[in-house]
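*Asks:* sequence first, predicted model second:
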Amino acid sequence: MKTTLALVVACLATVPSFAQTKWDLPTGYATGSFQTENVQAFANDVDKATAGKLKITLHANGSLYKANEIKRAVQTGQTQAGEFILSGAANENALFGVDSIPFLATSYDDARRLYSAQKPALEKLLTTQGMKLLFSVPWPPQSLYSVKPINGPDDLKGTKMRAYNPATTRIAQLLKAQPTTIQLAELGQALATGTVENFLTSSASGIENKLFEQTKYFYSVAAWLPRNATVVSQKAFDALDRPTQDAVLKAASAAEQRGWQISEQKDAEFIRELTAKGMKVSVPPDALKKELVTIGDSMTADWLKSAGADGQAIIATYRKK
């Protein structure tokens, strides 16, 4: 009897004192991306703060779900959390695309103000879809990459221009280019095969995806600063106890602050590196800049028509200096 009791006590001693919760968190971006590294740091912070009670496994580079599938996967409960680019969902609701209105917010300070104006409506919208916003981090300003030199808008007519959201599709159409939907992870191959000839993306994407190998011209048009959002299923979040929820929210706040700082710091570094890799980095020609500003004004007006009262309020709040 004593031997049996001793064995039971020994076995109980090996059982963890808590039940571990596990979350999957897919992202469409590469392991070496600063965005992915920031999300991994968030997962590490949560693990440490909860003493392993909540374990978040990051799945990078579209390995669990493709980039354009991640939001839906969280929304339907296929995965507990995920990271996606907000503007990629602008077709389902215009509010997701405010950060990608061309030439509305073209600096980090402007982007912060726009995010602040948008955040209440964004959180409300995600709540209606069964999700909770954890944090949102911008990419560096979107600039124009091209395999050939661009001297003005006419040089873009008829070319194959990569699109990744409704805004970039519309820009291509207004420039009389041919929009071609390609996810970032597939862009290098698309350039190699001639499927894409030019595109708008950040300095970060240029370095992290080695886009300098196929494109030689970089024009710093600073069209907008698109943001990624890391979200969690509200059901998964609600299933946590209060201390674990608090730990998640604290780590998320730190990730957002850290991500914005890294993004701005990396932009300058990446542009220097693009030059070192042989790209010709320059400001856009005046004719192209003028055309893009005109397109921006037109697209802002179009967005306001489609975004309803919430959209009107966001822009009004943003424009209050």
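*Replies:* Alright, I've got the coordinates. Numbers count the residues shown, from 1 in each chain.
*Asks:* check which helix or strand covers the residue nearest the centre of the chain.
*Replies:* Centroid check for the chain by CA atoms, centre = their mean gives Asn228 as the closest residue, at 2.2 Å. Here Asn228, judged by DSSP states H and E, is contained in strand 227-233.
*Asks:* how about Pro149?
*Replies:* In the assignment (DSSP H and E), Pro149 maps to no helix and no strand.
*Asks:* now it: closest residue in space, sequence neighbours ignored.
*Replies:* Taking CB to CB, 6 or more residues apart in numbering, and ignoring the residues beside it in sequence, Pro149 has Tyr217 as its nearest neighbour in space, at 5.5 Å. (C-beta placed from N, C-alpha, C; glycine too.)
*Asks:* averaged pLDDT, stretch 219-232. What do you get?
*Replies:* Averaged across stretch 219-232, pLDDT comes to 96.
*Asks:* give the contact list for Ala204.
*Replies:* Residues near Ala204 by CB atoms under 8 Å, 6 or more residues apart in numbering: Ser33, Phe34, Gln35, Trp139, Pro140, Ser263, Lys266, Asp267, Phe270.
*Asks:* out of these, which are buried?
*Replies:* Buried residues within those, counting neighbours by 16 or more other CB atoms under 10 Å: Ser33, Phe34, Gln35, Trp139, Pro140, Ser263, Lys266, Asp267, Phe270.
*Asks:* so which residues of the chain form helices?
*Replies:* Assigned by DSSP state H, the chain shows helices spanning 2-14, 34-49, 70-75, 108-128, 166-174, 187-192, 203-208, 234-238, 242-276, 286-306, 308-318.
*Asks:* dump those helices to a markdown table, plus distance to Leu25.
*Replies:* Output for the helices of the chain, formatted as a markdown table (distance: least, CB to CB, whole Å):
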| stretch | distance to Leu25 |
| --- | --- |
| helix 2-14 | 29 |
| helix 34-49 | 7 |
| helix 70-75 | 9 |
| helix 108-128 | 16 |
| helix 166-174 | 26 |
| helix 187-192 | 23 |
| helix 203-208 | 19 |
| helix 234-238 | 11 |
| helix 242-276 | 12 |
| helix 286-306 | 30 |
| helix 308-318 | 28 |
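*Asks:* mind checking which of those helices is nearest Phe96?
*Replies:* The minimum distance between Phe96 and those falls on helix 108-128, with 7.5 Å, by CB to CB.
*Asks:* what angle do the closest one and strand 227-233 make?
*Replies:* Counting by axes from the mean of the first three to the mean of the last three CA atoms, to 10 degrees, helix 108-128 lies at 30 degrees to strand 227-233.
*Asks:* any idea of the mean pLDDT for helix 108-128?
*Replies:* Computed over helix 108-128, the mean pLDDT rounds to 97.
*Asks:* isn't Gly259 right next to Thr36, touching?
*Replies:* No: using CB atoms under 8 Å, Gly259 is not in contact with Thr36; the gap is 10.9 Å.
*Asks:* more neighbours: the two, which one.
*Replies:* Comparing Gly259 with Thr36 by other CB atoms under 10 Å, the one with more neighbours is Gly259, at 24 against 20.
*Asks:* what about Thr317, neighbour count?
*Replies:* Thr317 has 15 neighbours, counted by other CB under 10 Å.
*Asks:* residues in contact with the residue nearest to Asn38 when sequence neighbours are not counted?
*Replies:* Excluding its sequence neighbours, the residue lying closest to Asn38 (CB to CB, 6+ apart) is Gly259, at 4.5 Å. Counting by CB under 8 Å, 6+ apart, Gly259 touches Phe34, Gln35, Asn38, Phe135, Val137, Pro138.
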